[in-house]
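Have a look at this prediction, sequence included:
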Amino acid sequence: MQRSLVSFALVHLTLLSACFGDKDPSGDSAVDSEPVVIDEDGDGVRAEDDCDDNDASVYPGAAEPCDERDNDCDGSVDEGANASFYADGNGDGFGRDDSDVLACEAPEGYASNGGDCDDNNRDVSPDAEEVCDGADNNCDGAPDEGVTINYYNDGDGDGDGDPGAPITGCELPPEGVLSAGDCDDNDPSLNSNDADEDGLASCDGDCDDNNANHAAFCEYATLSGELSLPSFGCVFSVSGEATDPSTACPSCDFGFLSEAAQTTSGTSCTTSFSAIFAYDIDAASMKLLFAGYYELGPFPGTLSYGAGYDTLSFYGPSANGTPYEGSFTLSP
């Protein structure tokens with residue numbers, strides 16, 4: 001009977017403890033305690049989430065330096081922190097693009113720069129100077145860019161080349177020239193050199209490029225106008241053909257074989273005659289030669305041209321003192 005009372009008392013105390021909780025020594029109820037958080041390295045990450053809780057620099061989300069460790073606890077080592085290095089066989093500081101490796105530091109025989117297009121030649125690299133040798137020295141994909149010269153063959157040896165046949169090379173050969181303005185590379189008298197510096201070259205029409213007084217080819221073919229002898233009151237109508245149309249040029253020597261017919265009456269006038277009208281640039285004179293008779297002129301310092309060299313006028317005494325005047329139109 002006594003044992004049953006003890007058991008009943010123990011059950012009763014257990015139920016009371018469950019309902020009212022434990023009491024501290026002061027008689028108050030105990031407060032529920034928080035679970036203990038373990039962070040041995042103090043990096044703010046719980047030990048169970050930290051892959052190395054003894055190193056404050058290692059935790060999820062940490063920076064990943066190149067140190068062969070998994071600093072950010074993602075299971076990979078040095079990801080994103082490796083640099084690319086390139087095999088540099090010739091030691092010029094540039095390696096082949098197809099030989100790159102990832103590493104924290106450059107391995108032996110590797111360079112941090114790629115782009116070498118000839119790793120067997122130290123003179124070839126992206127920062128090499130381009131020289132004229134037919135090779136791509138600076139690895140930009142183009143050989144000899146900016147270092148070649150353009151020259152032209154000079155077939156007639158007049159110092160002026162044929163613009164229709166440019167040549168690109170490293171050096172100027174003996175038969176090559178830099179000038180390209182020859183209008184006829186088979187004729188040394190025709191070129192763009194303007195030897196007499198009169199502003200006109202033979203290819204521009206200068207009929208004598210060794211004399212600054214000789215200017216453009218005009219290639220006039222006919223002459224017409226009037227010739228008068230004031231002291232006799234004689235006036236003639238003149239027309240003629242150039243003796244050489246290819247060189248008929250009032251600014252150079254020229255000549256016209258002409259016929260003259262009297263247009264006024266005069267006791268000393270010839271009804272008609274044939275004559276050569278010639279201009280001598282060196283003598284600065286006009287000559288009038290009557291066929292079968294005699295030479296008149298020269299008329300120094302009296303020759304003048306109209307605009308475009310299409311008219312010619314002269315006046316003055318002839319060789320025998322007879323004054324002559326003339327005004328002609330020159331036509332192609």
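Sure thing, it's come through.

Could you use CA atoms for every contact and neighbour count after this?
Will do.

right, and L229 touches T263 too?
No: when contacts are counted by CA atoms under 8 Å, L229 is not listed as touching T263 (12.0 Å).

joint contacts of these two?
Any residue near both L229 and T263 by CA atoms under 8 Å, 6 or more residues apart in numbering counts here, and that gives V235.

Run through the residues that contact V238.
223-227, 258-261.

Revised request: answer the last question for N113.
Listed by CA under 8 Å, 6+ apart, the contact set of N113 reads 85-86, 93-95.

quick one: it and V147, what's the gap?
26 Å (CA to CA, to the nearest Å).

returning to that earlier point: what's the farthest-apart pair in the contacts of N113?
Across the contacts of N113, the longest distance by CA to CA is 10.7 Å; it joins F85 and G93.

Neighbour count: these two, which is higher?
Shown here are F85 and G93; by other CA atoms under 10 Å, F85 has more neighbours (25 against 20).

secondary structure class for that one?
Three states are possible here, and by DSSP: H, G, I helix; E, B strand; the rest coil the one that applies to F85 is strand.

Nearest spatial neighbour of it, chain-adjacent residues omitted?
Closest residue to F85 in three dimensions, ignoring its sequence neighbours and counting by CA to CA, 6 or more residues apart in numbering: S112, at 4.7 Å.

For that neighbour, give me the pLDDT.
Model confidence at S112, expressed as pLDDT, equals 93.

list the contacts for it?
Taking CA under 8 Å, 6+ apart as the criterion, S112 is in contact with 84-86, 93-95, 106.

Of all pairs in those residues, which one spans the longest distance?
When CA to CA is used, the two most widely separated members of the contacts of S112 are S84 and G93, lying 13.7 Å apart.

Overlap of the contact sets of F85 and G93?
A shared contact of F85 and G93, defined by CA under 8 Å, 6+ apart, is any residue touching both; here these are 111-113.

And these, which is closest to T168?
Relative to T168, the closest of the shared contacts of F85 and G93 is N113; by CA to CA it sits at 33.4 Å.

Specify the local secondary structure of that closest one.
coil.

Run through the stretch 201-332 of the chain and note the low-pLDDT ranges.
Flagging of the stretch 201-332 of the chain using pLDDT under 70 yields the residue ranges 213-218, 245-251, 281-282, 284, 291-294, 300-301, 307-309.

swap the cut-off to 80 and go again
Where the stretch 201-332 of the chain drops to pLDDT under 80, the residues are 205, 207-208, 211-220, 244-253, 266-267, 279-286, 290-310, 318-320, 332.

got a pLDDT number for the residue nearest to the spatial centre of the chain?
In the chain, the centroid-proximal residue (CA atoms, centre = their mean) is G146; its distance is 8.9 Å. Looking at G146, its pLDDT reads 87.

And for C104?
In the predicted model, C104 carries a pLDDT score of 85.

isn't A103 right next to Y86, touching?
No: in terms of CA under 8 Å, A103 does not count as a neighbour of Y86; the distance is 10.5 Å.

more neighbours, those two?
Neighbours of A103 and Y86, each counted by other CA under 10 Å, are more numerous for Y86; the result is 25 against 15.

from the shared contacts of F85 and G93, which is closest to C252?
Proximity of the shared contacts of F85 and G93 to C252 was ranked by CA to CA; the top entry is N113 with 70.2 Å.

Distance check, that closest one against P65.
Between N113 and P65 the computed distance is 21 Å (CA to CA).

go on, P317?
Spatial separation of P317 from P65 under the definition CA to CA is 109 Å.

go on, D43?
When distances are taken as CA to CA, D43 and P65 turn out to be 17 Å apart.

same question, D74
Taking CA to CA as the measure, D74 falls 13 Å from P65.

more crowded one of the two?
Neighbours were counted for D74 and for P65 using other CA under 10 Å; P65 has more, 17 against 13.
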